[in-house]
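Undergrad: what follows is a protein structure lacking sequence information:
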Ligand code: SF4
């Protein structure tokens, strides 16, 4: 936190005329961290955010022609002006909420400040109420999901760094480090080491590193990208918060082998939120093969700095960037946010309005929950198995050192359920035994006037929502079965069951009365048909094989006819 920030008259906030406000501001933050009122102590990174949000209010007070130099002199119109400006600004709703929340806290902590506000800046309302938001919709707005197309590019690029580029970059980096004089900067002589390793022997032909790294500066840049790629993959494949990821230390990865079962991979770290102690508590998260590989790369990437500084964190600055060994500790959340911005710019990821995509570390958490809940339908084929592994492990074993993450996943499952019902009810073209039956039922209800004509359109949305709520409350469930169909599960008609659930991997979509096939499944069936025709062209000799191909061909043709 820099207290000597510039004020509207061009002077610094540390000048004697601001002394009372400065001391009160520090007492406020001290209270939040060490003597919280009816709340858990704030972590260091959150404290920095509150500092910035409170600074915004302080700068507002100082910009009047008669600046307000003490909190006790704040009047209602100062707060109204501030809130009005904030509400009219183009900041996102989450940021506005946090600014108002800092104001609310400033009043709550008035008894620990020697100069405190006398008036209640929010007039007895909560920050959420002033914004017109309830907390659940606020959380929804704060934690956006990374869109699939952006996520796909981001994750594929990160996997490339870990699986394809890491070996080469780390070998080059270690060669450079080997000739570095202790305590000296790298110099031109070290550049010779860049050519010791040939990119082609690492299979990098046709990649961005085909020509290798041309300079030490470029090596540093690529190593930073590698470290950022590690962050992306751990955040996305575990759902951990940024503070939890930045607390990972060497040997944090535990592989638990059970005979006859897939290995379980755990990442050990510390959880801070809601723990009531600033140093947090130990906790572990289910990882997967991707996170295990990433931790291995990260351990090697930071080994040199860790040895020199005797810091065990996996997020120490990488060796090539360190001039002298220093007890710098782990990177901070702000550095990671900055690195993510640079990474996104390097990949050229844009949002819908063509601006660089704004990637906040917290977005990975919600996106993780979404992909675990939808592992069967995820477009990220490279990580499909990973999420299946995490999903099964979570269901069977996860006992909740991170209850909020569990709740996020349950909420995502509910969303998925609603979405699947919505798609099944509104689509006009359906195939599969269940789809044909459902289409007939809805068509008949519309013809007889039991459902309005616009039931399947935008205007019928409200009615559909109500119907889906009733269906869910009465225990009805619909499951996406990979890319082939939906299963509106009714145990009495199921061709596959496992207690009260369908056994999705044994699904028989062409024959089961629970199977609903919609237009979104058409590409899958077109591919089945074309693959089948290709195999028939080969004229296989074995009669059972020929019969199987004929059956598959007939089923896919029937389904595609139903969808056309
Ligand atoms: S075969 Fe099983 S999974 Fe497939 S639709 Fe029928 S009950 Fe559902």
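TA: That came through, no problem. This structure is a prediction, so every number in the text was calculated from the model and none was measured.
Undergrad: test my guess that residue 292 contacts residue 256.
TA: No. Contact between residue 292 and residue 256 fails when scored by CB atoms under 8 Å: they sit 11.4 Å apart. Using the backbone N, CA and C atoms, a C-beta is placed for each residue, glycine as well.
Undergrad: list the contacts of the most centrally placed residue in the chain.
TA: The geometric centre of the chain, computed from its C-alpha atoms, lies nearest to residue 364 (CA atoms, centre = their mean), at 1.0 Å. Applying CB atoms under 8 Å, 6 or more residues apart in numbering to residue 364 gives the contacts 146, 232, 235, 236, 239.
Undergrad: and if we set it to 10 Å?
TA: Residue 364 sits next to 143, 145-146, 151, 154, 231-242, 245, 340 when contact means CB atoms under 10 Å, 6 or more residues apart in numbering.
Undergrad: how about residue 26?
TA: Residue 26 is in contact with 1, 3, 51, 113, counting by CB under 10 Å, 6+ apart.
Undergrad: separation between residue 158 and the ligand?
TA: According to CB to the nearest ligand atom, to the nearest Å, residue 158 stands 34 Å off from the ligand.
Undergrad: could you do residue 483 as well?
TA: From residue 483 to the ligand the distance is 13 Å (CB to the nearest ligand atom).
Undergrad: wait, doesn't that residue sit right on residue 518?
TA: No. In this structure residue 483 lies outside contact range of residue 518 using CB atoms under 10 Å: 11.3 Å.
Undergrad: so for the two, which sits in the more crowded spot?
TA: Under the criterion of other CB atoms under 10 Å, the comparison of residue 483 against residue 518 puts residue 518 first, with 20 against 14.
Undergrad: I figured the more buried one hits residue 485, correct?
TA: Yes. Counting by CB under 10 Å, residue 485 is a contact partner of residue 518 at 8.1 Å.
Undergrad: common neighbours of those two, please.
TA: Common neighbours of residue 518 and residue 485 (CB under 10 Å, 6+ apart) are 430, 431, 432, 435.
Undergrad: picking up where we left off before, more neighbours: residue 292 and residue 256, which one.
TA: Neighbour count, other CB under 10 Å: between residue 292 and residue 256, residue 292 has more, with 17 against 11.
Undergrad: mean confidence score for the strand or helix carrying that one?
TA: Under the criterion of DSSP states H and E, residue 292 resides in helix 289-309. Averaging pLDDT along helix 289-309 gives 89.
Undergrad: re earlier: which of the shared contacts of residue 518 and residue 485 sit farthest apart?
TA: 430 and 432 (7.0 Å; CB to CB).
Undergrad: between these two, what contacts are shared?
TA: In contact with both residue 430 and residue 432: 438, 485, 486, 516, 517, 518, 521, 559, 562, 563, using CB under 10 Å, 6+ apart.
Undergrad: next, the contact list for the second one, please.
TA: With contacts defined as CB under 10 Å, 6+ apart, residue 485 is in contact with 430-432, 434-435, 479, 507-510, 512, 514-518, 520-521, 524-525, 559.
Undergrad: go with 8 Å
TA: By CB under 8 Å, 6+ apart, residue 485 lies in contact with 432, 435, 507, 509, 515, 516, 517, 521.
Undergrad: phi first, then psi, for it.
TA: Main-chain dihedrals, residue 485, degrees, to the nearest 10: phi -170, psi 170.
Undergrad: check whether the nearest residue to it once chain neighbours are set aside sits in a helix, strand or coil.
TA: Computed as CB to CB, 6 or more residues apart in numbering, the closest residue to residue 485 that is not its neighbour in sequence is residue 509, at 4.0 Å. Secondary structure, DSSP: H, G, I helix; E, B strand; the rest coil: residue 509 is coil.
Undergrad: which residues touch residue 509?
TA: For residue 509, the contact set (CB under 8 Å, 6+ apart) comprises 432, 481, 484, 485, 515, 517, 559.
Undergrad: check residue 256 too.
TA: 263, 264, 265, 266.
Undergrad: one more: residue 32?
TA: Residues near residue 32 by CB under 8 Å, 6+ apart: 41, 42, 47, 50, 105, 109.
Undergrad: can you tell me the element it falls in?
TA: helix 19-34.
Undergrad: so what's residue 528 up against?
TA: Contact partners of residue 528, counting by CB under 8 Å, 6+ apart, are 552, 556.
Undergrad: before we move on, what about residue 107?
TA: Applying CB under 8 Å, 6+ apart, the residues near residue 107 are 116, 117, 120, 121, 122.
Undergrad: at 7 Å what do you get?
TA: Residues in contact with residue 107 (CB atoms under 7 Å, 6 or more residues apart in numbering) are 117, 120, 121.
Undergrad: separation between it and the ligand?
TA: Noted for residue 107: a distance of 56 Å to the ligand, by CB to the nearest ligand atom.
Undergrad: how about the secondary structure of that residue?
TA: Using three-state DSSP, the structure places residue 107 in helix.
Undergrad: separation between it and residue 443?
TA: Look at residue 107 and residue 443: by CB to CB, to the nearest Å, they are 60 Å apart.
Undergrad: after the strand or helix carrying residue 154 comes which helix or strand?
TA: Assigned by DSSP H and E, residue 154 falls within helix 148-160. Next along the chain after helix 148-160, taking DSSP H and E as the criterion, comes helix 166-179.
Undergrad: show me what that next one is packed up against.
TA: Using 3 or more CB pairs under 7 Å, 6 or more residues apart in numbering; DSSP states H and E as the contact test, the elements touching helix 166-179 are helix 216-238, helix 289-309.
Undergrad: pLDDT score for the closest residue in space to residue 486 that isn't next to it in sequence?
TA: The shortest distance from residue 486 to any non-neighbouring residue, by CB to CB, 6+ apart, is to residue 516 (4.4 Å). As predicted, residue 516 sits at a pLDDT of 93.
Undergrad: was I right about residue 516 contacting residue 431?
TA: No. Residue 516 lies out of contact with residue 431 (CB atoms under 7 Å); the separation is 8.3 Å.
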